[in-house]
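*Asks:* I would like to see how this sequence folds:
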Amino acid sequence: MPFAYDIRSNLTMLVDLLNTSGALAEDGDELTTTAGLRGFAARHDFSGPIRATKSDVDETRRLRERFALALDATLDAVTPAEVAAGEESVVNEVNLTLREANALPLLVKHGEWDWHLHGVGESASLADRVAADVALVLIDLIRSGDLDRLGRCAAEDCDAYLADFSRNRSKRFCDTGNCANRTHVAAFRARQADS
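*Replies:* Numbers count the residues shown, from 1 in each chain. Predicted coordinates for the structure are as follows:
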């Protein structure tokens, strides 16, 4: 299924948000300062003013933890009942996020972007704008049965999240490091040593 540009962009933003955590980020937690949050928003083409307060930073960090916990339950699920429970957990967090952000979806067109959905207006806080975009992309994934497009890196020494845009859902490694290459080189060297 080809993803619309806004879904692809917001899914990439969600994965990047999850990977900004200190444990996953190469340079430490990016979301500790207002400058870091503004940089994050600018990197993901947020329209309108990009102003951040300490409260925005705190709220965005809570959002990140909320969805990391909910998504981890889904990613760790094995049985159909666990998958359903994990999905239900994500749905509950999406609904809570929409309420907290006072979401009022708007159809907008700006800059290089054609018509797409914003969960809140440009006058909303930066934290609410990030939260609404996260909720909207998860709504799209859940409704289309594509929540499994979110995953974790298969490298043994990496826990980064990834978004799988491949046609056959075959992506195994994140984009945060050189995980695929490192894993393949290690496997090659192990085979050579066994020969």
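*Asks:* CA only for contacts and neighbour counts going forward, please
*Replies:* OK.
*Asks:* what about V57, neighbour count?
*Replies:* V57 is flanked by 21 other residues according to other C-alpha atoms under 10 Å.
*Asks:* dump the residue contacts of it.
*Replies:* Taking C-alpha atoms under 8 Å, 6 or more residues apart in numbering as the definition of contact, the neighbours of V57 are 31-34, 37, 127.
*Asks:* need these in JSON lines (columns: neighbour count).
*Replies:* Below are the contacts of V57 laid out as JSON lines (neighbours: other C-alpha atoms under 10 Å):
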{"residue": "L31", "neighbour count": "22"}
{"residue": "T32", "neighbour count": "17"}
{"residue": "T33", "neighbour count": "16"}
{"residue": "T34", "neighbour count": "18"}
{"residue": "L37", "neighbour count": "26"}
{"residue": "A127", "neighbour count": "23"}
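*Asks:* of these, just say which sits nearest to A190.
*Replies:* Of all the contacts of V57, the one sitting nearest A190 is L31; the distance, using C-alpha to C-alpha, is 38.5 Å.
*Asks:* which of the contacts of V57 fall within helices?
*Replies:* Residues of the contacts of V57 located in helices (DSSP state H): 34, 37, 127.
*Asks:* wait, doesn't the second one sit right on L31?
*Replies:* This points to L37. Yes. Judged on C-alpha atoms under 8 Å, L37 makes contact with L31 at a distance of 5.5 Å.
*Asks:* all the helices of the protein, in order from the start?
*Replies:* Per DSSP H, the chain has helices spanning 5-18, 34-43, 54-75, 80-100, 126-144, 179-194. These are given in chain order.
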